[in-house]
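Asker: following is a predicted model, sequence given first.
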Amino acid sequence: MMANIYNGMLLGVYQAIVAVMVCFYRLRVRINPNHQYAALYAERLLHCYRHRRPEGILVWLHVASLGEYHGIKPLLSHMLQTKPDIHLLITSSSRNSANFIKANLPDRCQHIMLPFDSQ
């Protein structure tokens, strides 16, 4: 019983911290619209997510850096070759990796910035 209360309190604290961080991020982008992440701001909040969910299986992969993306490229190729109905969603959290990945995506793959977790 106490563990459930404790977990609920931790979740509430986590959600409050994320909400405050998102507010400060919004403020920073509004104050300085030329900030390096201003163009990716709406994508991080999923406001401009234009891709429709493809038919079939969608596999979500997250890479934290360009090195990790290069590390999973053989896995991407293998998955796309062996499963013709599979689609891949790749997320990353840095601007440089996002730009590189978007420019070098294989077919049936899409990229978005890692969304803020506010839930």
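Answerer: Nice, I can see it.
Asker: show me the shaky parts of the chain.
Answerer: 1-8, 23-51, 115-119 (pLDDT under 70).
Asker: residue ranges for the strands of it, please.
Answerer: Using DSSP state E, the strands of the chain run over 57-63, 86-92, 109-113.
Asker: now do the same end-to-end measure for stretch 86-105.
Answerer: Start-to-end span of stretch 86-105 (CA to CA, to the nearest Å) is 15 Å.
Asker: again with stretch 77-88
Answerer: From start residue to end residue, stretch 77-88 stretches across 11 Å - CA to CA.
Asker: in that stretch, what's buried?
Answerer: 79-80, 86-88 (16 or more other CB atoms under 10 Å). Using the backbone N, CA and C atoms, a C-beta is placed for each residue, glycine as well.
Asker: before we move on, back to that, make JSON lines from the strands of the chain and add distance to Met9 to it.
Answerer: Shown next, in JSON lines, are the strands of the chain (distance: least, CB to CB, whole Å):
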{"stretch": "strand 57-63", "distance to Met9": "28"}
{"stretch": "strand 86-92", "distance to Met9": "29"}
{"stretch": "strand 109-113", "distance to Met9": "30"}
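Asker: lovely, talk soon.
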